[in-house]
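Engineer: How does the following fold in three dimensions:
(one chain, ligands or ions: 2)
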Amino acid sequence: MIRRFFAYYRPYKGLFLLDFGCALIAGLLELGFPLVVNRFVDDLLPNEEWNLIIWASLGLLVLYLLNTVLLYIVNYWGHMLGINIETDMRKKLFDHIQKLSFRFFDNTKTGHLMSRLTNDMMQIGEMAHHGPEDLFIAVMTLAGSFTLMLFINWKLAVLTFVVVPIIIWLVVYFNGKMTKAIHQLFTDVGDFNARVEDNVGGIRVVQAFANEEYEKERFAVNNGRFRMTKLFSYKLIAKNGAISYMMMRLVTLFVMVCGTWFVIRGQLSYGEFVGFLLLTNVFFRPIEKINAIIESYPQGFAGFKRYVELLDTEPDIADRPNAVEIGELQKEIRYEGVSFGYDSDSSVLSNINLTIRQGETVAFVGPSGAGKTTLCSLLPRFYEVQSGAITIDGVDIRDIKMQSLRHQIGIVQQDVYLFAGTIRENILYGKLNASEEEIWEAARRARLDEFIRSQPEGMETVIGERGVKLSGGQKQRLAIARMFLKNPPILILDEATSALDTETEQVIQQSLAELSQGRTTLVIAHRLATIKNADRIVVVNEEGIAEQGTHEELLAARGPYSRLHQAQFQSVVGVL
Ligand code: ADP
Ligand code: MG
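Structural biologist: Numbering: from 1, shown residues only. Ligands and ions are numbered 1, 2, ... in the order given. Here you go, the predicted structure:
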């Protein structure tokens, strides 16, 4: 773990050495000042040599100035080191998250991921800066000041040193407790973020159900838990601060009494006495630091642990080492004995056999929950088949580079996800380097161009988070425009028009028909009228594929399809 942490310092060796070197010199200077004062009182003062005193003061002034510069460097460049490492880690984590598969996101709260990328990372950055050199300086000042104290008067020094074991115990004790508290705190922050994200994301539902009170209570629980954990950690910090303060003052008092006694007996000079007292302060400085360290170390490490944990989450689905690129579909897509379940003890699809020829439009119908969406999401490898195989022109999709595979496939779903931004940005998502003409052409074919022109901002119209400022039909048209731009040879239309009113549906159907022209298309449809003209209709139910054929064939077969058809037809007649 520690080695993994230090690996992040590697690109910044120079910065680290600069920071470390300056901190080291500053630490040594701090040790030197009491000695100078010692000489001042013992040698310069009694002789009343003004010249020397002025020169010595000037010397001290220079040293103080030097130390000021050093402290500036340690503070600024040291933090630069921290923020650099933090930035690298955050980038690495974000990049890693992009690779994780659907299954991971099915089971992860967005708020938790957000708190890892923000809160955790900041804590790590703090530690990355304060980490090694603070510890080193603490140890160095402790050892250095002790040596000098020994040098001045070993009896007093040994008496002072008695506190060191107590300090070590304090560090270990509070560090352990703090680490636990911080772990809890991070989880609380994650829960907190997840709650806010869920609430704000669904605020329209909250208000529509008038459930604000319920939401407030739920939030108050998270908020309260966060407060308790935070209070607990503050209590630890305060306790630690109080105990170390008391110890330091007691020892200082002790040194003063014993020192005075030594001075009276002539075993210690005035200068040595003052120097010793100052050194005691230097000696205690690391202990004061412990408060800071005790706060930032466990936080940084808790953050780093969680960071590593997430970074070590392997994507369920990744490219095989010898994966190949494929060109446009030439012959066929085949499902061969495909079985799949979202978890190991439940099965959604079992032993599916299906061939879809290039250019064909195949429609899937069947009851909700039968597995139509699942069947289609296996093709772009959003989820991995559990047994059997899916092949494209004879190549197992698991042997195809994911990028290459997903470039071949376009999906238009019922609930389109649009990014917060402009219309242009959202259309461009289909092909990031598209030209202006291509964008407008896509918009025209999706019949979105008129709407865009009617907007004062045109293409730059901001559509709000998830496209809230658009109507259902407009959102769907945007999704279709995006798809025209992507221009994939294989198309999946998953209930693309199910959420729309009949009139809008008819218009959008025309765009979809144009979109699927010349492409191999898998259509999932709720309303049978929309798929009557498909080359083939596959009826899926809980048992798997019940039957397949053209509309006429299936009607003639008087099987499940004809019953479905009958039911829908009757309900339409009923409405009329
Ligand atoms: P359809 O599209 O035919 O309505 P789906 O393929 O969406 O059906 O769902 C098939 C079954 O798989 C359902 O029982 C559903 O609850 C389950 N399911 C769908 N998506 C997931 C998921 N991401 N995680 C776990 N179970 C899922
Ligand atoms: Mg579905």
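Engineer: For Leu555, see how far away Gln476 is.
Structural biologist: Distance from Gln476 to Leu555, counting by C-beta to C-beta, to the nearest Å: 29 Å. Yep, even glycine has a C-beta here, placed from its N, CA and C like the rest.
Engineer: neighbour count winner among those two?
Structural biologist: Gln476 (28 against 16; other C-beta atoms under 10 Å).
Engineer: Model confidence for Leu432, exactly?
Structural biologist: Leu432 is assigned a predicted lDDT (pLDDT) of 93.
Engineer: Counting neighbours, what do you get for it?
Structural biologist: By the measure other C-beta under 10 Å, the count of residues near Leu432 is 8.
Engineer: and what of Ile333?
Structural biologist: 23.
Engineer: which residues does it bridge with?
Structural biologist: Ile356, Ile392 (DSSP bridges).
Engineer: any idea how far it is from Asp396?
Structural biologist: Going from Ile333 to Asp396 by C-beta to C-beta gives 12 Å.
Engineer: quick one: the strands in the stretch 151-300 of the chain?
Structural biologist: Here the stretch 151-300 of the chain has no strands by DSSP state E, counting those that start in this stretch.
Engineer: low-scoring pLDDT stretches of it, where are they?
Structural biologist: Within the stretch 151-300 of the chain, the segments meeting pLDDT under 70 span 287, 290-291, 293-295.
Engineer: Which secondary structure element is home to Ala496?
Structural biologist: Under the criterion DSSP states H and E, no helix or strand holds Ala496.
Engineer: Give me the phi and psi for it.
Structural biologist: Note on Ala496: backbone dihedrals following degrees, to the nearest 10 are phi -60, psi -30.
Engineer: ok, now Gln517?
Structural biologist: The phi/psi pair for Gln517 (degrees, to the nearest 10) is phi -60, psi 130.
Engineer: First-to-last residue distance for stretch 409-424?
Structural biologist: Across stretch 409-424, the terminal residues are separated by 22 Å (C-alpha to C-alpha, to the nearest Å).
Engineer: For Ile537, give its distance to ligand 1.
Structural biologist: As judged by C-beta to the nearest ligand atom, to the nearest Å, Ile537 and ligand 1 stand 15 Å apart.
Engineer: my read: that residue touches His551, true?
Structural biologist: Yes - Ile537 is within contact range of His551, at 6.1 Å (criterion: C-beta atoms under 8 Å).
Engineer: and for those two, which residues touch both?
Structural biologist: Common neighbours of Ile537 and His551 are listed as Ile531 (criterion: C-beta atoms under 8 Å, 6 or more residues apart in numbering).
Engineer: ok, back up a step: so for Ile333 and Asp396, which residues contact both of them?
Structural biologist: Ile390.
Engineer: and stretch 276-290, how far out from the chain's middle?
Structural biologist: How far stretch 276-290 lies from its chain's middle: 40 Å, per C-alpha atoms, centre = their mean, to the nearest Å.
Engineer: So, low pLDDT: which residues of the protein?
Structural biologist: Within the chain, the segments meeting pLDDT under 70 span 131-132, 287, 290-291, 293-295, 571-576.
Engineer: Ligand 1 contacts on the chain?
Structural biologist: When proximity is defined as C-beta under 6 Å from any ligand atom, the chain approaches ligand 1 at Asp106, Tyr342, Val348, Ser368, Gly369, Ala370, Gly371, Lys372, Thr373, Thr374.
Engineer: Once you drop chain neighbours, what's closest to the fifth one?
Structural biologist: It refers to Gly369. Excluding the flanking residues, the one nearest Gly369 by C-beta to C-beta, 6 or more residues apart in numbering is Glu542, at 8.0 Å.
Engineer: now do Leu378
Structural biologist: Val385 (5.7 Å).
Engineer: so is the one you found in a helix, a strand, or just coil?
Structural biologist: coil (DSSP: H, G, I helix; E, B strand; the rest coil).
Engineer: Same check on Glu328?
Structural biologist: Glu328 - assigned by three-state DSSP - is coil.
Engineer: For it, what are phi and psi?
Structural biologist: The phi and psi values for Glu328, taken as degrees, to the nearest 10, are phi -60, psi 150.
Engineer: residues contacting it?
Structural biologist: Contact analysis of Glu328 by C-beta under 8 Å, 6+ apart lists Gln408, Pro489.
Engineer: same deal with the one 5 residues further on?
Structural biologist: Contacts here follow C-beta under 8 Å, 6+ apart; on that basis Ile333 touches Thr355, Ile356, Leu379, Ile390, Thr391, Ile392, Ile490, Thr520.
Engineer: Gln548 now?
Structural biologist: Arg536, Ile537, Val538, Val539, Leu554.
Engineer: Look up how far Asp494 lies from it.
Structural biologist: The span separating Gln548 from Asp494 equals 18 Å under the rule C-beta to C-beta.
Engineer: try Asp415
Structural biologist: For Asp415, the distance to Asp494 - C-beta to C-beta - is 10 Å.
Engineer: So the two - more neighbours on which side?
Structural biologist: Neighbours per residue, other C-beta under 10 Å: of Asp415 and Asp494, the larger number sits with Asp494, 19 against 13.
Engineer: Val412 is in contact with that one, correct?
Structural biologist: Yes - shown here, Asp494 and Val412 form a contact pair, counting by C-beta under 8 Å, at 7.1 Å.
Engineer: hang on, Leu379 is in a strand, isn't it?
Structural biologist: No - under three-state DSSP, Leu379 falls outside any strand and is assigned coil.
Engineer: can you tell me which residues contact it?
Structural biologist: Neighbour list for Leu379: Ile333, Ile390, Ile397, Ile409, Ile490, Ile492, Leu522 [criterion: C-beta under 8 Å, 6+ apart].
Engineer: how about a cut-off of 10 Å?
Structural biologist: Applying C-beta atoms under 10 Å, 6 or more residues apart in numbering to Leu379 gives the contacts 333, 335, 356, 385, 390, 392, 397, 405-406, 408-409, 411, 490, 492, 522.
Engineer: Next: Ala181.
Structural biologist: 174, 229-237, 298-299, 302 are the contacts of Ala181 under C-beta under 10 Å, 6+ apart.
Engineer: Tell me which helix or strand Ile352 sits in.
Structural biologist: strand 349-357.
Engineer: who does that strand touch, helix- and strand-wise?
Structural biologist: Contact analysis of strand 349-357 by 3 or more C-beta pairs under 10 Å, 6 or more residues apart in numbering; DSSP states H and E lists strand 332-340, strand 361-365, helix 372-377, strand 387-392, strand 520-524, strand 536-541, strand 544-549 as its packing neighbours.
Engineer: between these, which gets nearest to Leu113?
Structural biologist: Leu113 sits nearest to helix 372-377 of all the helices and strands packed on strand 349-357, at 21.6 Å, using C-beta to C-beta.
Engineer: From Ile182, how far out is the residue nearest to the spatial centre of the chain?
Structural biologist: Relative to the mean C-alpha position of the chain, the nearest C-alpha, by C-alpha atoms, centre = their mean, is the one of Leu117, at 3.5 Å. With the distance defined as C-beta to C-beta, Leu117 ends up 18 Å from Ile182.
Engineer: Please enumerate the helices of the stretch 101-250 of the chain.
Structural biologist: In the stretch 101-250 of the chain, the helices defined using DSSP state H, counting those that start in this stretch lie at 102-106, 110-115, 121-152, 154-161, 163-201, 203-208, 212-264.
Engineer: Gln413 - nearest residue in space that isn't next to it in sequence?
Structural biologist: In this structure, Gln413 finds its nearest non-sequential neighbour in Asp494, 4.7 Å apart by C-beta to C-beta, 6+ apart.
Engineer: beta partners of the one you found?
Structural biologist: Beta-bridge partners of Asp494, as defined by DSSP bridges: Gln413, Ile524.
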